[in-house]
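Dropping a prediction and its sequence here:
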Amino acid sequence: MALTDAACKAAKPKEKSYKLGDSGGLYLEIMPNGSKLWRLKYRYLKKEKRLAFGSFPLVKLIEAREKRDEAKKQLSNGLDPSDIKKSVLLNAQKNVENTFEKTAREWHAKQRQRWSEEHFNNVKHRLETDLFPHIGNDQIDKIETYQLLKVLTKIENRGALDIATRTRQLCNQVFRYAIQAGKCKHNPATDLQGALTTRKVTHFASIQPKEIPHLLVALERNDARLFCRTRRAIRLSMLTFVRPGEIRNAVWAEINFEREEWLIPAHRMKSRRDHVVPLCKQAIAILKEQKQETGHLNTDLIFPSQIKVKDPMSDGTVRLALQKLGLKDQMTAHGFRALARTTIREELDYEPDIIEVQLAHKPSGSLGAAYDRAQFLKKRKQMMQDWGDYLDKVLLKAKTDGTS
């Protein structure tokens with residue numbers, strides 16, 4: 001006898017499960033816990049099998065019969081309904097794993113050993129801010145070029161032209177990884193070449209060597225009333241000319257006062273290799289002053305934030321300080337690198353390759369082959385001391401001459 005909705009509703013659980021048959025192999029199994037499950041019994045290749053259709057009353061009787069009839073059609077075509085159901089579930093799972101966000105996070109995680117921590121976190125922020133909210137849930141093999149352009153145009157419209165360009169480059173790398181991983185066959189980001197507005201390339205602002213006296217005098221006078229640790233960060237930037245992030249995130253464990261060296265570990269370097277920074281006497285003195293001021297604080301950072309000592313000094317601290325010193329649009333924290341490169345070459349007559357190694361750039365000239373073996377450490381130690389002494393002489397002359 002065929003089932004009715006009333007009979008399905010009235011069925012009560014028993015100590016053991018039991019079945020209420022309908023027709024064509026369809027039945028409702030009543031479980032001891034009270035759940036009621038639709039099943040279909042059928043034979044495929046002379047083997048008896050079962051297929052689940054869900055639970056009553058979520059799946060109504062009429063719906064269960066429709067599912068049974070569909071399964072019967074599949075059987076008549078020589079197909080196994082269970083295999084088809086598994087295939088559908090696998091495809092659904094594959095679709096979940098093949099979203100842009102899922103794929104981008106896989107790709108991003110693989111870069112941790114290659115990138116500095118700061119760059120790794122910056123890329124993560126860009127993905128989560130500018131891409132995931134718009135295309136994160138989209139299947140990566142279904143995303144078209146026009147969709148990417150729409151997202152990048154939103155970034156352009158807020159005036160962030162450089163970020164739009166870098167975001168396009170991120171998309172290109174994510175899709176290249178997706179192709180390699182078999183998640184898609186086409187990279188829609190490659191078709192965006194020339195589609196974005198570009199800004200004229202500009203270098204980090206840096207004063208000329210002849211303007212060093214003005215900066216040194218202004219820093220010593222401190223009419224801008226900068227915090228002592230901010231002034232030390234600027235002076236140490238001048239003396240070591242490392243990247244701003246390498247200064248801000250420096251910790252005391254990296255400093256060897258006995259050897260007068262600062263070893264920046266690979267994970268903090270753009271080049272992803274350890275970098276030795278020889279410390280001149282002037283740099284050592286600054287670090288000792290900083291140790292005296294902040295050594296009692298509960299932090300490993302050399303230049304902690306004034307507000308939260310567990311956080312590094314803000315990336316805008318030095319930039320704003322330079323503005324207060326009267327160098328707005330003339331000097332940036334990164335500009336100390338260009339300033340040192342130019343001045344050391346012109347005034348101290350050191351070979352470019354030696355300077356480039358100190359900048360953590362692999363030299364391309366005649367001395368390049370010796371980079372891995374020696375890193376010119378002896379010559380760099382002398383160069384860094386000569387540089388510290390040069391800056392002292394410039395300041396002394398400026399004060400003597402009344403330069404401001």
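Received the coordinates, thanks.

My guess is residue 304 contacts residue 294. True?
Yes. Counting by Cβ atoms under 8 Å, residue 304 does reach residue 294; the two are 6.1 Å apart. From N, CA and C alone the C-beta is placed, and that goes for glycine too.

can you list the residues that contact stretch 215-227?
Here stretch 215-227 makes contact (Cβ atoms under 8 Å, 6 or more residues apart in numbering) with 207, 231, 234-235, 306, 321, 324-327, 331, 391, 394-395, 398-399, 403-404.

quick one: buried residues of that stretch?
215, 216, 217, 218, 219, 224, 226 (16 or more other Cβ atoms under 10 Å).

now do stretch 339-346
Neighbour-count burial for stretch 339-346 [16+ other Cβ under 10 Å]: 339, 340, 341, 343, 344.

Please verify my assumption that the third one contacts residue 353.
So that's residue 341. No. At 11.8 Å, residue 341 and residue 353 do not qualify as touching, with contact defined as Cβ under 8 Å.

just the buried members of the contacts of stretch 215-227?
Looks like these have 207, 231, 234, 235, 321, 325, 327, 331, 391, 394, 395, 398 buried, using 16+ other Cβ under 10 Å.

Residue 21: what's it in contact with?
Residue 21 touches 3, 27, counting by Cβ under 8 Å, 6+ apart.

Tell me the bridge partners for it.
As for beta bridges, residue 21 partners with residue 27 under DSSP bridges.

Give the residue spans of the stretch 1-150 of the chain that score low on pLDDT.
1, 91-97 (pLDDT under 70).

mind listing the helices for it?
Using DSSP state H, counting those that start in this stretch, the helices found in the stretch 1-150 of the chain span residues 5-10, 61-76, 81-97, 100-109, 117-126, 132-135, 145-157.

tell me how far the ends of stretch 193-213 are from each other?
End-to-end distance for stretch 193-213: 45 Å, by Cα to Cα, to the nearest Å.

Apologies, that question was intended for stretch 217-226.
14 Å.

Same check on stretch 239-257?
Stretch 239-257 end-to-end distance (Cα to Cα) = 16 Å.

Show the pLDDT at residue 201.
The per-residue pLDDT reported for residue 201 equals 45.

Next: residue 366.
Note on residue 366: pLDDT of 49.

which residues are in contact with stretch 36-47?
8, 11, 19, 24-31, 48-57, 59, 64, 67-68, 71-72, 75, 80-82.

Filter these down to just the buried residues.
Buried among these by 16+ other Cβ under 10 Å: 8, 11, 25-30, 51, 53, 56, 59, 64, 67-68, 71-72, 80-82.

Can you check which of the helices of the stretch 1-150 of the chain gets nearest to residue 263?
helix 117-126 (16.0 Å; Cβ to Cβ).

chain center to that closest one, what's the gap?
Centroid displacement of helix 117-126 relative to its chain, using Cα atoms, centre = their mean, to the nearest Å, is 2 Å.

same for that helix, what does it pack against?
Other helices and strands packing on helix 117-126, by 3 or more Cβ pairs under 8 Å, 6 or more residues apart in numbering; DSSP states H and E, are helix 100-109, helix 161-180.

contacts for that helix?
108, 111-112, 115, 163, 166-167, 170, 245, 249, 267-268, 270.

one more time with 7 Å, if that's ok
108, 111, 112, 167, 170, 245, 267, 268 (Cβ atoms under 7 Å, 6 or more residues apart in numbering).

cool, and stretch 254-263?
Under Cβ under 7 Å, 6+ apart, the answer for stretch 254-263 is 264, 274, 276, 277, 278, 279, 284, 287.

give me that answer again for 10 Å
Stretch 254-263 has contacts (Cβ atoms under 10 Å, 6 or more residues apart in numbering) with 236, 240, 242, 246, 250, 253, 264-265, 268, 274-281, 283-284, 287-288, 291, 300, 302, 377, 381, 384-385.

In PyMOL, select just the buried ones from these.
A single PyMOL command is used to select the members of the contacts of stretch 254-263 judged buried by 16+ other Cβ under 10 Å:
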select buried, resi 236+240+242+246+250+264+268+275+276+277+278+279+280+283+284+287+302+381+384+385
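
The contacts of stretch 254-263 in helices, which ones?
Members of those lying in helices (criterion: DSSP state H): 236, 240, 246, 281, 283-284, 287-288, 291, 377, 381, 384-385.

any idea which of those residues is closest to residue 174?
residue 246 (27.7 Å).

from memory the closest one sits against residue 116, does it?
Yes. At 8.8 Å, residue 246 and residue 116 qualify as touching, with contact defined as Cβ atoms under 10 Å.

can you list residues touching both of the two?
Counting by Cβ under 10 Å, 6+ apart, the residues touching both residue 246 and residue 116 are 264, 268, 269, 270.

Assumed the last one was part of a helix.
No. Looking at residue 270 with DSSP: H, G, I helix; E, B strand; the rest coil, it is coil, so not inside a helix.

give me every residue that touches the residue nearest to it when sequence neighbours are not counted.
Distance criterion Cβ to Cβ, 6 or more residues apart in numbering; nearest residue to residue 270, sequence neighbours excluded, is residue 116 at 5.6 Å. Counting by Cβ under 10 Å, 6+ apart, residue 116 touches 122, 243, 245-246, 249, 264-272.

Lovely, talk soon.
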